[in-house]
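> The following comprises the amino acid sequence and a computationally predicted model.
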Amino acid sequence: MSTPAAKAVPETVKRRARPRREIIRRHSWPVRLTHWINALTIFIMVGSGLNIFNAHPRLYWGRAGADLDKPFLALHPWPGWLTIPSYRDLADARHWHFFFAWILVVNGVLYLAWSLASRHIQRNLWPTATDLRAIPSSVYDHIRLRHPTGEAAKRYNVLQRLAYLGLLLLVIGMVVTGLAMSPGFDAFAPWLVHVLGGRQSARTLHFLFAAAIVLFIAVHLIEVVLAGAVNEVRSMITGRYAVPGEHD
Amino acid sequence: MTIVTRRQALFTGLTGTGLLLSGCSRIFQADSLTESASFQRVLAAAQSWTRATQRFLLAGGQMAQEYKPSDISRYFKPNGTYNPGGTDYNRHVAEGFVNWRLRLDGLVSHPLSLSIADLRRLPSRSQITRHDCVEGWSAIGGWSGVPLALLLRAAGVRAGARYVMLYCADSLGGAPEKGGDQSLGKYYESIDLVDAMHPQTLIAYDMNGKPLDVAHGAPLRLRVERQLGYKQAKYVRHIRLVNDFRDIAGGQGGYWEDRGYDWYAGI
């Protein structure tokens, strides 16, 4: 449109243009690549896992447990819109689950190997003593939904570090409890089942760890949006991250 | 920087998680992928990786964990067929299975036909093991029977034999809650010689110190520990050594295998 009023608007915007923000390389390519493979894989694992769970939606504690045993937790089957595939099919859900379990493990091993060798974990994830002392103030900032700016925004804050390390532990926990449910693997490592409190305990832990991962994803997505979804998502795709300024 | 209100962020984050989780079937076209034969072949590759890995880890012939008598489940859930029924099977139940014969033939030098009494005279093995159903539950039971390896050695396995087929007296069908197309069929199973020769692989006739009851597979069932429940064929009456099972029934090596489940059930 070419009304005088419409022309006036861009002028105003130009004058209010923000100063150029500093662009840094936020995430290295191995982190970006493994992040997206992991994201896709975990969604498939959760969806197919819930379909598998629906074959027997009860959890027990100990070595054994079936219909007449006292459950640790008895749930209703999950609705089809949450599961992969959307209809009840234990055989197909297992095919999805065990294929992507391999992807998860290979991706996770590559990530861990790279992260330890490049000292990504040691430098960027492991909290320093200063970080740990800052936990109360970081918690307070997060509750007020305040996010670090300037220099502080260039590094992970302490709650981020703990959350990412926690996720790492949870994924390892998923793999370990998953393996402990396999009768073949159990013959190889009976001690593992024993440490976990029995095969049915392993299944219950597998479910609880998965629930914790879903909680992580929810908080993670909220934080991404709060910190600026476009900037954050771009930094995880291209690596380029605009450092939020003090007065933004 | 775009101003994002807290409410917007919380809303987007929470609905985003919900949409991603809930919509994943649609986002990845999971249902149509599941029904695509070529995608199934991709997923099926994982079965080979798992089998190869477990075979490597279990190359030492490791034993499935055995439990104490006090660990035996008070209630051992029967699954699949609870009673094969039919005039033939009912007559065997009425006779106490005295006329039941277990045939062993196929690629063997000396085909066998054994009564339950014959089997009970042979060396036996007893073990208390955990039965893991593919559905997720477990039960611990005590089993006694003849090691399958002993029967196979007595019959003499011929060159070319690769699989042990177990044919059962029951038919199963119409369980749509198990997913997929669950058509009626005779129950059968197959294991390879690695599992058949394992010391814990039994043709079991006793459960928890008593003859097998009908719900648990009377008079004979397979115990192939280190694999899931659907491999533990009940009501076994015919064992056959073959080179290949592709031309038997649905061609996948078992009743559940023909209905989409993995032939290797170590996971």
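Now that the structure is in, tell me what you want to look at. Numbering: from 1, shown residues only, chains lettered A, B, ... in the order given.

> Could you report the neighbour count for the nearest residue in space to residue B:65 that is not next to it in sequence?
Once flanking residues are discounted, residue B:65 sits nearest to residue A:190: 4.5 Å by Cβ to Cβ, 6 or more residues apart in numbering or on different chains. In short, each C-beta sits where N, CA and C put it, glycine included. Counted with other Cβ atoms under 10 Å in any protein chain shown, residues neighbouring residue A:190 total 16.

> Determine the three-state secondary structure at the residue most central in space within chain A.
Taking Cα atoms, centre = their mean as the criterion, residue A:217 is the residue nearest the geometric centre of chain A, at 4.8 Å. Following DSSP: H, G, I helix; E, B strand; the rest coil, the label given to residue A:217 is helix.

> circling back: can you give me the pLDDT of the residue nearest to residue B:65?
If you check residue A:190, the pLDDT there is 97.

> any weak-confidence spans in chain A?
Counting by pLDDT under 70, the low-confidence segments of chain A come to A:1-19, A:246-248.

> ranges for the helices of it?
Secondary structure of chain A (DSSP state H): helices at A:4-15, A:29-54, A:90-117, A:120, A:129-133, A:135-143, A:158-180, A:183-188, A:190-195, A:199-226, A:229-237.

> same thing with chain B?
Secondary structure of chain B (DSSP H): helices at B:6-22, B:24-27, B:30-35, B:37-57, B:86-94, B:116-121, B:148-155, B:193-196.

> ok, the residue nearest the centre of chain B to residue B:99 distance?
Chain B has residue B:231 as the residue nearest its centroid, 1.4 Å off, counting by Cα atoms, centre = their mean. Separation of residue B:231 from residue B:99 (Cβ to Cβ, to the nearest Å) stands at 27 Å.

> Next, count neighbours for residue A:69.
Burial of residue A:69 is recorded as 20 neighbouring residues (other Cβ under 10 Å).

> Just list the residues touching the residue nearest to it when sequence neighbours are not counted, thanks.
Closest residue in space to residue A:69, ignoring its immediate chain neighbours: residue A:60 at 5.9 Å, by Cβ to Cβ, 6+ apart. With contact set as Cβ atoms under 8 Å, 6 or more residues apart in numbering or on different chains, residue A:60 has these partners: A:69, A:70, A:71, A:72, A:200, A:201, A:203, A:204, B:137.

> Quick check: phi and psi on residue A:60?
For residue A:60, the backbone dihedrals (degrees, to the nearest 10) come out as phi -130, psi 170.

> Pretty sure residue A:239 sits against residue A:24.
No: taking contact to mean Cβ atoms under 8 Å, the distance of 9.1 Å between residue A:239 and residue A:24 leaves them out of contact.

> what's the residue nearest to residue A:34 when sequence neighbours are not counted in contact with, if anything?
In space, and not counting its chain neighbours, residue A:34 is closest to residue A:111: 4.1 Å by Cβ to Cβ, 6+ apart. Contacts of residue A:111 were listed using Cβ under 8 Å, 6+ apart, and they are A:30, A:31, A:34, A:38.

> any idea how far residue A:202 is from residue B:76?
In terms of Cβ to Cβ, residue B:76 sits 20 Å off from residue A:202.

> Give me the more crowded residue out of the two.
A count of neighbours by other Cβ under 10 Å puts residue A:202 above the other of residue B:76 and residue A:202, at 23 against 20.

> what separates the more buried one from residue A:66, distance-wise?
Residue A:202 sits 16 Å away from residue A:66, going by Cβ to Cβ.

> One more: residue B:114?
Residue B:114 sits 32 Å away from residue A:66, going by Cβ to Cβ.

> go on, residue B:148?
Taking Cβ to Cβ as the criterion, residue B:148 is separated from residue A:66 by 26 Å.

> and the two? which has more neighbours close in?
Looking at residue B:148 and residue A:66 with other Cβ under 10 Å, you find the greater number of neighbours at residue B:148, namely 27 against 22.

> residues in contact with that one?
Residues near residue B:148 by Cβ under 8 Å, 6+ apart: B:164, B:196, B:197, B:201, B:202, B:203, B:222, B:239.

> what number of residues lie near the second one?
Looking back up the chat, that one is residue B:196. Residue B:196 is surrounded by 23 other residues when neighbours are defined as other Cβ under 10 Å.

> from memory it sits against residue B:149, does it?
Yes: when contacts are counted by Cβ under 8 Å, residue B:196 is listed as touching residue B:149 (6.8 Å).

> can you map out the strands along chain B?
Read by DSSP state E, chain B holds these strands, from start to end of the chain: B:101-106, B:112-115, B:125-132, B:138-147, B:163-172, B:185-192, B:202-207, B:210-211, B:221-223, B:236-242.

> Would you reformat the ones you listed as CSV and include mean pLDDT?
Formatted as CSV, the entries for the strands of chain B read as follows, by pLDDT from 0 to 100:
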stretch, mean pLDDT
strand B:101-106, 98
strand B:112-115, 98
strand B:125-132, 98
strand B:138-147, 98
strand B:163-172, 96
strand B:185-192, 96
strand B:202-207, 98
strand B:210-211, 98
strand B:221-223, 98
strand B:236-242, 98
